[in-house]
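In: Okay, here's the prediction I keep looking at, along with the sequence it came from:
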Amino acid sequence: MSLIAPTAVVAEDEAALRGELVEQLGKLWPELSIVGEAADGLEALRLLDQHRPDLLFLDIEMPGATGLDVARQVNGRAHVVFVTAYDHYAIAAFDEGAVDYLLKPLAGARLFTAITRLKARLGQAPAPLGGVLDQLGQRPAAAPSAARAPLRWINASVGQTLRLITVDEVLFFQSDNKYTRLALKDGEALIRKPLKELIDELDPQQFWQIHRSTLVNVNAIASVSRDFRGRMQLKLKHGSEMLLVAESCTHLFRQM
C-alpha cells in the first residue's frame, strides 16, 4: 500500500453526489488518486478487483449489490468510508472509530475529518468490518414501503444547472406536464420524477398531499384560510403564491 500516492474507488449511485464527493476529495486531498467510480454494487466489486485500491468510499444503499454486500467482499482489502443517509443508526455503528462514515448531504468539515483519520490509518492494515456490518444489518424492521429512509435530497434542474437540493428547502412540489416543479425560497427547479413517486419517498409527516397535483412542506405553511367560494387555501411563509386544498384533503387541517 503506497503512502505517497494512495488510490481510491468511489461507489455512489447518485451521479451528482458521486461527482460532488470526487470534487471535494480533489480539493481536500489532491494527492489521492481516484482510480474508479461506480454507480452500483456490481461495478464497485469489479473496480475493486481491477484496481485493488487503498480506500473505498462506499454508499450503503446501491442497486445491483448493496454497500453491505460489497463491504463483505472487501473486508480487510481496503480502508472503507461508508456514505449513508441513515444517520439514526450510522453514528452508533461507527462509534468505535475504526471505520469512518459520511452523511448525506455531504459536509466538507465531516469529509475533512474522515480524510485526516484515513491518512493516519494508511500505514496500517484495514480495520475488520464484521462488527460494523453486524450493526448495520440489524436496523429496526420496517414495512416494505418504509424500508428506506425518507428522501433527503434531490437532483433538480435550475435552468441549465443541475443543483443538489435538500427536501427541507422545498416549499412545495407541483405537477407540471412531464415534470414536477419544486418551489424554493429563492426560485424554482424542475425534476422528471412524477409526484406519485415522490409521495412514496418523502416523509409523510413533513410533506402532505393537499391536491392531486400538490405536495406541501408542512413547515412552510404560514396560515390556512378560505376564499370567497369557501375553498380552503394555504399561505406560505415565503412567496405570495396561495395553494388550493382539495376538499378531500381538508381533514389534514382540522387541528390547525
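Out: Here it is on my side, so go on. Everything quoted here is computed from the prediction, not taken from an experiment.

In: Which residue ranges of the stretch 51-200 of the chain form helices?
Out: Per DSSP state H, counting those that start in this stretch, the stretch 51-200 of the chain carries helices over the ranges 67-74, 87-93, 108-121, 130-136, 195-201.

In: Would you tell me which one of those helices is buried the most?
Out: Highest mean neighbour count among those (mean count of other Cβ atoms under 10 Å): helix 67-74, with a mean of 20. In short, each C-beta sits where N, CA and C put it, glycine included.

In: Show which residues not belonging to that one make contact with it.
Out: 11, 41, 44-45, 48, 56, 58-62, 80, 82-84, 129, 132-133, 136-137 (Cβ atoms under 8 Å, 6 or more residues apart in numbering).

In: so where is the stretch 101-250 of the chain shaky, pLDDT-wise?
Out: 135-148 (pLDDT under 70).

In: The residue lying closest to Glu31 once chain neighbours are set aside and Val167, how far apart?
Out: Distance criterion Cβ to Cβ, 6 or more residues apart in numbering; nearest residue to Glu31, sequence neighbours excluded, is Ala5 at 6.5 Å. Ala5 sits 39 Å away from Val167, going by Cβ to Cβ, to the nearest Å.

In: now do Ala189
Out: Counting by Cβ to Cβ, the gap from Ala189 to Val167 is 12 Å.

In: Give the residue from these two that has the larger number of neighbours.
Out: More crowded of Ala189 and Val167, by other Cβ atoms under 10 Å: Ala189, with 23 against 19.

In: residues in contact with the more buried one?
Out: The neighbourhood of Ala189, defined by Cβ under 8 Å, 6+ apart, consists of 156-158, 163, 165, 181-182.
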